[in-house]
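Asker: pasting the structure only:
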């Protein structure tokens, strides 16, 4: 059952050096506050999994936390490249990072397979793609019923998954509203999970009825809940605050230069508290 902890204590307890960590949230509800706490605690040699590595993983990679990144698209949405990711892959700064690239469909299926306790995901995919040439986790199998050739990828089973959401109740149940990605699957697939939330309410069942695309993650699937107000900035949280589009544009210049990035990291993460 979910335990209410500070973000510092949740990360200290559940994110170990060398762990496989998934941080999910699609377009909004990206767990930046949790990512910053991982950086502050100096976690190392992490295998980071995320369907769309964006600024949060660029920051983790630049801070030296990552050993491997498993993903299906990497970039600064609407702006361009992830320069800390490119610098690590191409030039080994601050150290070399290995990458395994999948399609969006394969990653979504892999999370779903992990949530179901299955060892692999099967899909119609990668037809005409060159990704199987560079990713040895992509295999092809024959359907035992039809003989059809299908793609197969390993299920995603993180050591710990971290997601952000709008609300949790005092029983540990979490409400996710707005655009829903694979947060629920990421939590269910993981050995342990941390959910950061904007606020705690007494009972989710007493809230107003309208919740767009509402998804409830049950408390029995969650290990730790931590309050992190504005915990997904500069992404947005539906119903709470908008996306900081200016920061995404500014990040392109910050991340291009190692010195500018290091200074930003010191000013905004290392020398700041939780919610930085």
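Answerer: On my side now, so go ahead. For clarity, every value in this text was computed on a predicted model and none was experimentally measured.

Asker: can you give me the helices for the stretch 51-200 of the chain?
Answerer: For the stretch 51-200 of the chain, the helices defined by DSSP state H, counting those that start in this stretch occupy 55-62, 83-91, 104-115, 131-134, 183-189.

Asker: out of those helices, nearest to residue 241?
Answerer: Closest to residue 241 of those is helix 55-62 (Cβ to Cβ; 16.3 Å). Quick note: C-beta positions are derived from backbone N, CA and C, even for glycine.

Asker: any idea of the mean pLDDT for that closest one?
Answerer: Helix 55-62 carries an average pLDDT of 98.

Asker: buried sites along the least confident helix or strand in the chain by mean pLDDT?
Answerer: The weakest-scoring helix or strand in the chain, judged by mean pLDDT, DSSP states H and E, is strand 215-217 (a mean of 92). For strand 215-217, the neighbour count (16 or more other Cβ atoms under 10 Å) marks residue 217 as buried.

Asker: ok, stretch 241-254 next?
Answerer: Residues of stretch 241-254 classed as buried: 241, 243, 248, 251, 254 (neighbour count, 16+ other Cβ under 10 Å).

Asker: which one of those is nearest residue 145?
Answerer: Out of the buried residues of stretch 241-254, the member with the shortest distance to residue 145 (by Cβ to Cβ) is residue 243, at 45.5 Å.

Asker: how about that closest one, what does it touch?
Answerer: Residues in contact with residue 243, defined by Cβ atoms under 8 Å, 6 or more residues apart in numbering, are 28, 234-236.

Asker: cutoff 7 Å now
Answerer: 234-236 (Cβ atoms under 7 Å, 6 or more residues apart in numbering).

Asker: for it, helix, strand, or coil?
Answerer: Following DSSP: H, G, I helix; E, B strand; the rest coil, residue 243 is assigned to coil.

Asker: for it, grab phi and psi.
Answerer: Backbone torsions of residue 243, given as degrees, to the nearest 10, read phi -70, psi 140.

Asker: neighbours of the closest residue to residue 112 other than its chain neighbours, just the number please.
Answerer: Excluding the flanking residues, the one nearest residue 112 by Cβ to Cβ, 6 or more residues apart in numbering is residue 185, at 5.3 Å. By the criterion of other Cβ atoms under 10 Å, residue 185 has 22 neighbours.

Asker: got a list of contacts for the least confident helix or strand of the chain?
Answerer: For strand 215-217, using Cβ under 7 Å, 6+ apart, the contacting residues are 173-176, 180, 183-184, 187, 195, 204.

Asker: name the nearest of these relative to residue 12.
Answerer: Once Cβ to Cβ is applied, the member of the contacts of strand 215-217 that ends up nearest residue 12 is residue 195, at 16.1 Å.

Asker: now do the contacts for that closest one.
Answerer: Residue 195 neighbours (Cβ under 7 Å, 6+ apart): 163, 165, 168, 174, 217, 222, 225.

Asker: let's see it at 10 Å
Answerer: Neighbouring residues of residue 195 by Cβ atoms under 10 Å, 6 or more residues apart in numbering: 2, 10, 31, 34, 161-165, 168, 172, 174, 176, 183, 187, 217, 219, 221-226, 228.

Asker: which of these count as buried?
Answerer: Using 16+ other Cβ under 10 Å, the buried members of these are 2, 10, 31, 34, 161-165, 168, 172, 174, 176, 183, 187, 217, 219, 221-226, 228.

Asker: so which of the helices of the stretch 51-200 of the chain comes closest to residue 98?
Answerer: Proximity to residue 98 (Cβ to Cβ) singles out helix 83-91 among those, at 8.2 Å.

Asker: how near is residue 229 to residue 88?
Answerer: According to Cβ to Cβ, to the nearest Å, residue 229 and residue 88 sit 31 Å apart.

Asker: between those two, who's got more neighbours?
Answerer: Set residue 229 next to residue 88 and count neighbours by other Cβ under 10 Å: residue 88 wins out with 23 against 15.

Asker: which non-adjacent residue is nearest that one?
Answerer: residue 97 (4.0 Å).

Asker: let's have the helices of the stretch 51-200 of the chain in CSV, adding distance to residue 141.
Answerer: Shown next, in CSV, are the helices of the stretch 51-200 of the chain (distance: least, Cβ to Cβ, whole Å):
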stretch, distance to residue 141
helix 55-62, 30
helix 83-91, 30
helix 104-115, 14
helix 131-134, 13
helix 183-189, 21
